[in-house]
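Student: let me see the structure of the following:
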Amino acid sequence: MNGLQSLPQWQNAFNYPGSTMLGLLNAIQNVGSLARLPFAPYLSDGIGRRPAVLYGACIMVRPPPIALSPTNRLLTSHGFR
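Tutor: Sure thing, here's the model as predicted:
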C-alpha cells in the first residue's frame, strides 16, 4: 500500500489524501479483523471450529472476483484499469 501511495495516479484517484486519511487507508484492512472478534468464539462454539473456519474462508474468497470484475464501478471510475 505504501508503494502505491507514491504514484501520481493513486494520489489523483484518492484526491491527494492528507496524513490522517493515509493512516486510515493503511489501517482499514485490520478493522475487519477487529470487528469479527466479538462474534468468532460464539460461532465456533455453536457450529464447531472447522465449520467456522470454512465459513470465514468462504467470506474471504468472495470479494476478489467482485473487485476484479469489469462492472465494478468503484475501481473503473477511478481510472484503475
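
Student: pLDDT wise, what is the residue lying closest to residue 36 once chain neighbours are set aside at?
Tutor: Using CB to CB, 6 or more residues apart in numbering and skipping residues adjacent in sequence, the residue nearest residue 36 is residue 56, 8.0 Å away. Yep, even glycine has a C-beta here, placed from its N, CA and C like the rest. For residue 56, the pLDDT comes out at 84.

Student: tell me which element residue 56 falls in.
Tutor: helix 49-61 (DSSP states H and E).

Student: could you dump that helix to CSV, C-alpha only?
Tutor: Output of helix 49-61 as CSV, limited to C-alpha atoms (Å, rounded to 0.1, in the frame of the first residue of the first chain):
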residue,chain,number,x,y,z
ARG,A,49,-14.1,-24.9,14.8
ARG,A,50,-13.8,-26.4,11.4
PRO,A,51,-17.1,-25.2,10.0
ALA,A,52,-16.4,-21.8,11.5
VAL,A,53,-13.0,-21.7,9.7
LEU,A,54,-14.7,-22.8,6.4
TYR,A,55,-17.3,-20.1,6.8
GLY,A,56,-14.6,-17.5,7.3
ALA,A,57,-12.7,-18.8,4.3
CYS,A,58,-15.8,-18.6,2.1
ILE,A,59,-16.3,-15.0,3.2
MET,A,60,-12.7,-14.2,2.3
VAL,A,61,-12.9,-15.8,-1.2
